[in-house]
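**Q** Got a predicted structure plus its sequence, pasted below:
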Amino acid sequence: MWGRTFRSVRRSPGAWMMRWDDLVGLFLNTLVLRTDTSGDPSFAEVLGRAREVALTAYDHQDVPFDLLVEVLNPARTVAHNLLFQVMLALQNNAQAELELPGLRLSTFQVSWGTSKFDPNFNMLDFFAEDGTPQGIEGLIEYSTDVFDEATAVDIFHRWAGFLRDVVETPDRPLSQVNVLLPGEKERFLTEWNGARGAAGRGGRRP
């Protein structure tokens, strides 16, 4: 949100998958979203812009991702994905249940020990048996070539704080949304700012 535009991505099943109904496997298309945040819009305005971009993209969801890359022909690099670096996945489908005679089955989270994207945010919706929302849990996978653990955790907490703010006041301009962690503002105004002032007067920074 710090720039004029940003790209995010989600993977979604499309109508193009229906012809593969008789196959076994996980078939997902990749939807790359570029959202315009110029003009200091409110979060509600950004959400509207993102909605229009998404709906337009869904109109062309039959276009294979590989063909899109071929047509756009971005500069090739092995350092990162060609069209996006941030993945956001919201798992909000009903939990599938598989029953087999004499077996008790359950799901569990598997860590691959690596990340395909710089950060990968994976969110999971939880609901009670009557359908009442029970909250969202999430995890972040990140490239250790780009982030260390402390930075990745900070990004996640900043994002969570950002979401809390925009949910409470969706019409507030993005420039006024707080992205600082608890205690950071005080450190900026006193500890770090004071250290720069001391250095400017010939003192030493701690």
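**A** Good, I have the coordinates. Fair warning: this is a prediction, and the values are worked out from it, not measured in the lab.
**Q** and the next element down the chain from the worst-scoring helix or strand of the chain on mean pLDDT?
**A** Least confident helix or strand, the chain: strand 5-12 with a mean of 47, by mean pLDDT, DSSP states H and E. Where DSSP states H and E defines the elements, the next helix or strand beyond strand 5-12 is strand 29-36.
**Q** Dump stretch 120-132 to CSV, restricted to CA.
**A** This file holds the C-alpha atoms of stretch 120-132, laid out as CSV (Å, rounded to 0.1, in the frame of the first residue of the first chain):
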residue,chain,number,x,y,z
ASN,A,120,2.9,-16.1,0.5
PHE,A,121,-0.2,-15.3,2.7
ASN,A,122,-2.4,-18.3,3.2
MET,A,123,-5.7,-17.6,5.1
LEU,A,124,-8.3,-20.1,6.2
ASP,A,125,-11.9,-19.2,7.1
PHE,A,126,-13.5,-21.1,10.1
PHE,A,127,-17.2,-21.6,10.7
ALA,A,128,-19.3,-23.2,13.3
GLU,A,129,-21.6,-26.1,12.5
ASP,A,130,-24.5,-23.6,12.1
GLY,A,131,-22.5,-21.5,9.6
THR,A,132,-21.6,-18.7,12.1
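**Q** What residues sit buried inside the longest helix seen in the chain?
**A** Determined from DSSP state H, the single longest helix within the chain is helix 149-168. Using 16 or more other C-beta atoms under 10 Å as the burial criterion, the residues of helix 149-168 that qualify are Ala152, Phe156, Arg158, Trp159, Gly161, Phe162, Asp165, Val166. All C-beta spots, glycine's among them, are computed from the backbone N, C-alpha and C.
**Q** I'd like the mean pLDDT over the following helix or strand past that helix, please.
**A** The helix or strand immediately downstream of helix 149-168 is helix 184-186, counting by DSSP H and E. Average pLDDT, helix 184-186: 82.
**Q** swap in stretch 124-139?
**A** Throughout stretch 124-139, pLDDT has a mean value of 84.
**Q** Quick one: end-to-end distance for it.
**A** Distance across stretch 124-139, first residue to last, is 9 Å (C-alpha to C-alpha, to the nearest Å).
**Q** what's the distance between it and the middle of its chain?
**A** 18 Å (C-alpha atoms, centre = their mean, to the nearest Å).
**Q** Ok, stretch 142-161 next?
**A** 12 Å.
**Q** Just the residues contacting that stretch, thanks.
**A** Stretch 142-161 is touched from outside by Ser115, Phe117, Asp118, Pro119, Asn120, Phe121, Gly138, Ile140, Asn178, Val179, Leu180, Leu181, with contacts defined as C-beta atoms under 8 Å, 6 or more residues apart in numbering.
**Q** Tell me which residues of stretch 169-189 come out buried.
**A** By 16+ other C-beta under 10 Å, the buried positions in stretch 169-189 come out as Leu174, Val177.
**Q** CA atoms only for it - export them in PDB, please.
**A** C-alpha atoms of stretch 169-189 as PDB (Å, rounded to 0.1, in the frame of the first residue of the first chain):
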ATOM      1  CA  THR A 169     -13.100   3.200   9.100                       C
ATOM      2  CA  PRO A 170     -13.300   2.100   5.400                       C
ATOM      3  CA  ASP A 171     -13.700   5.700   4.200                       C
ATOM      4  CA  ARG A 172     -10.500   7.000   5.700                       C
ATOM      5  CA  PRO A 173      -7.800   7.900   3.100                       C
ATOM      6  CA  LEU A 174      -5.000   5.300   2.900                       C
ATOM      7  CA  SER A 175      -2.400   7.900   3.900                       C
ATOM      8  CA  GLN A 176      -4.200   8.200   7.300                       C
ATOM      9  CA  VAL A 177      -4.300   4.400   8.000                       C
ATOM     10  CA  ASN A 178      -1.900   3.400  10.700                       C
ATOM     11  CA  VAL A 179       0.700   0.800   9.700                       C
ATOM     12  CA  LEU A 180       3.000   1.100  12.700                       C
ATOM     13  CA  LEU A 181       3.300  -1.600  15.300                       C
ATOM     14  CA  PRO A 182       2.600  -0.800  19.000                       C
ATOM     15  CA  GLY A 183       5.300   1.400  20.500                       C
ATOM     16  CA  GLU A 184       6.900   2.300  17.100                       C
ATOM     17  CA  LYS A 185       5.500   5.800  17.000                       C
ATOM     18  CA  GLU A 186       7.100   6.600  20.300                       C
ATOM     19  CA  ARG A 187      10.400   5.200  19.200                       C
ATOM     20  CA  PHE A 188      10.300   7.200  16.000                       C
ATOM     21  CA  LEU A 189       9.600  10.400  17.900                       C
END
